[in-house]
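Q: Coordinates only, no sequence provided:
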């Protein structure tokens, strides 16, 4: 007679790797199909490996309430949604980075060290850029300072300011565009 999912989970919680293998054999296909509803097959495979690692490392989080399959599907769904969020953030940042005005303004914030003979020019240019930033409208200035000078991520900025990530991206885009336009006049 086959062990129930709950029995397998109790054995996994006790550190039994064979029980994990049996659970993987039993529900692997279902979880893979579920993940592929959200992400491509390759990503689903990676997420499924992550799922089983989490089950092994965090087995004690299953408290015996509800079905094991429901718990596994919830983990799979969370992993897939996190992967989608990460991809969307990366895609929107890539699109933002392709903007020519963004590139021109962003180059001013690169952390390269100038050659000694160029240091005075670099320092003067940086002072002029910082003066321009001080003239920038407040909401855009705040986001620009957090993103480029304090090197915070868009989600960190959103959390700090209590605004959506989309608003942060929009303000940052407009701040960089404003800076690029005003740099033409100043520099």
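A: Good, I have the coordinates. The shown structure was predicted, so the numbers you read here are calculated from the model rather than taken from an experiment.
Q: Name the helix or strand of this protein that has the lowest mean pLDDT.
A: None of the helices or strands of the chain scores lower by mean pLDDT, DSSP states H and E than helix 100-106, at a mean of 53.
Q: which helices and strands does the very next helix or strand once past that helix pack with?
A: Going down the chain from helix 100-106, the next helix or strand is helix 119-135, by DSSP states H and E. Identification of packing neighbours for helix 119-135 by 3 or more Cβ pairs under 8 Å, 6 or more residues apart in numbering; DSSP states H and E yields helix 138-144, helix 165-186. C-beta here means a position set from N, CA and C on the backbone, and glycine is covered the same way.
Q: out of these, nearest to residue 3?
A: Residue 3 sits nearest to helix 165-186 of all these, at 44.6 Å, using Cβ to Cβ.
Q: The closest one to helix 119-135, inter-axis angle?
A: Note on geometry: by axes from the mean of the first three to the mean of the last three Cα atoms, to 10 degrees, helix 165-186 and helix 119-135 are set 120 degrees apart in direction.
Q: now for helix 165-186, which elements pack on it?
A: helix 68-98, helix 100-106, helix 119-135, helix 138-144, helix 154-161.
Q: Would you indicate which residues of the last one are buried?
A: If you call a residue buried by 16 or more other Cβ atoms under 10 Å, then helix 154-161 has these buried ones: 154, 157, 158.
Q: Right, I'll leave it there.
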